[in-house]
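>>> Provided below for reference: sequence and predicted model.
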Amino acid sequence: MTQTLEYQSNAIVELLGVLPADRDAEWLKDSLQQAIMVEIATIGPYASALWSIKDPNEAVAKAIREIIFDEMTHMGLVCNMLTTIGGTPVLADPKVVPKYEHVLPGGVRPDLVVFLEGLSRDSVEMFSEIERPEHPVAQFDVPATIGAFYTAIEEAFEAQQHLIGGDRQIEFSLDNHGQGNRIVPLDTIEKVRAAIGIIKEQGEGTSASPENPFPGKPGELAHFYVFREMFRGKKLIKVSENPVVWDFKGDDVPLPPAFPMGRVPEGGWADGGPNAPAPAVQQVLGAFNLHFSAMLRGLQAAWRTGDPDPLFTAIGHMGKMRTEARKLVQLELPDGSGKTYGPEFLYVEE
């Protein structure tokens, strides 16, 4: 029915085009695989911006880091949704690994090109577009959103609760990053319903408020509004109680000093013409790609077996990815632009 295992496909659009009455078990499995691919696609751009920031303890860096942990939690919850109905997540396969610069997988938000670059107004604007709500507190005209796709997934679960079997469920807590940051077994419709609520509202807020209902700290905003604050350079505050109105009229939110990581060419730096890497740079790029690929294999192994131990291996590789990325963003491109290299997030077969 769909090209589920192709990142560059129109699968989500096709899935949303299926009539609700025809959204069977295979539809749900296909949709959850696509949702996993969408969640993974956000991590590379967000992490590139984070690793380019010179002071990792700066407020904007901390905010982006918390969002990345939220996205990792979301990915884990969707993996649990897929395995609880008998499916098997595919993460470590060149056909499903994110492509940059490119639109999101499945044809969702076809107007939005996702790229790898250091922290800049362009990159944080792109991040906010990824997280743009289905029903924002301010009016926008947008095509089908990620939130709308999750709504369709929730409706399919409600109609087919009998599929929930509790198979290969991983439990892993990231509670120190927020109230909703816990990957939990999803063996009832109530738990599935709650997990989808967390995924949608951490990213989008609610139709009534931009605040994250599952914050790491009081008053924390949903991802979309955090990134809009960075883009607008102002805190979003409530300026009226009756009617309730929010506006970017709070304290300044300056972007912190960052290494000027250039935009990664499609296919990686080797396709970058004058910026094709010298052997010493290629060694660092290669090391990053190896750790990225091993991380995906570790995550995939955990949900294929139901054994959480490979998650710890994956976390180890995440730390090594950060180390190599911090080296890359300090290596100047040879084209004289003053920009630097950055991670490519290319999958390497084992």
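On my side now, so go ahead. These numbers come from a predicted model, not from an experiment.

>>> can you give me the strands in the stretch 1-150 of the chain?
When secondary structure is read from DSSP state E, counting those that start in this stretch, the stretch 1-150 of the chain shows strands at 102-103, 113-114.

>>> Show me which residues of stretch 115-134 are buried.
For stretch 115-134, a neighbour-count test (16 or more other Cβ atoms under 10 Å) marks 115-120, 123-124, 126-134 as buried. In this view, the C-beta of every residue, glycine as well, is placed from N, C-alpha and C.

>>> try stretch 322-339
Neighbour counts over stretch 322-339 (16+ other Cβ under 10 Å) mark 322, 324, 325, 326, 327, 328, 329, 331, 332, 333, 339 as buried.

>>> leaving aside the residues next to it on the chain, what's closest to the spatially most central residue of the chain?
Central residue of the chain (Cα atoms, centre = their mean): residue 42, 2.9 Å from the mean position. Spatial nearest neighbour of residue 42, excluding adjacent residues (Cβ to Cβ, 6 or more residues apart in numbering): residue 71 at 5.2 Å.

>>> Which pLDDT does the model give that neighbour?
At residue 71, the model reports a pLDDT of 89.

>>> Test my guess that it contacts residue 39.
Yes - using Cβ atoms under 8 Å, residue 71 is in contact with residue 39, at 5.7 Å.

>>> Any idea how many residues pack against the residue nearest to residue 42?
24 (other Cβ atoms under 10 Å).

>>> ok, now the one 5 residues further on?
A count of neighbours around residue 76, defined by other Cβ under 10 Å, yields 26.

>>> just residue 29 next, same as before
Neighbour number of residue 29 under other Cβ under 10 Å is 19.

>>> try the one 10 residues further on
The local packing count at residue 39 equals 22, with neighbours defined by other Cβ under 10 Å.

>>> Could you check how far the nearest residue to it once chain neighbours are set aside is from residue 12?
Leaving aside its chain neighbours, residue 39 sits nearest to residue 75 (4.0 Å; criterion: Cβ to Cβ, 6+ apart). Computed as Cβ to Cβ, to the nearest Å, the residue 75 to residue 12 distance reads 16 Å.

>>> Then residue 202?
20 Å.

>>> same check, this time on residue 154
Relative to residue 12, and taking Cβ to Cβ, residue 154 is found at 15 Å.

>>> Between these two, which has more neighbouring residues?
Shown here are residue 154 and residue 12; by other Cβ under 10 Å, residue 12 has more neighbours (27 against 19).

>>> who's in contact with that one?
In this structure, residue 12 makes contact with 31, 34, 38, 105, 106, 107, 108, 144, 149, judged by Cβ atoms under 8 Å, 6 or more residues apart in numbering.

>>> what does residue 174 give?
Each residue near residue 174 by Cβ under 8 Å, 6+ apart is listed here: 69, 72, 73, 181, 182, 183.

>>> Which among these count as buried?
Neighbour counting by 16+ other Cβ under 10 Å classes 72, 73, 181, 182, 183 among the contacts of residue 174 as buried.

>>> and the closest residue to the last one other than its chain neighbours, what is it in contact with?
Translated: residue 183. The shortest distance from residue 183 to any non-neighbouring residue, by Cβ to Cβ, 6+ apart, is to residue 76 (3.7 Å). Residues counted as contacts of residue 76 (Cβ under 8 Å, 6+ apart) are 170, 172, 183.
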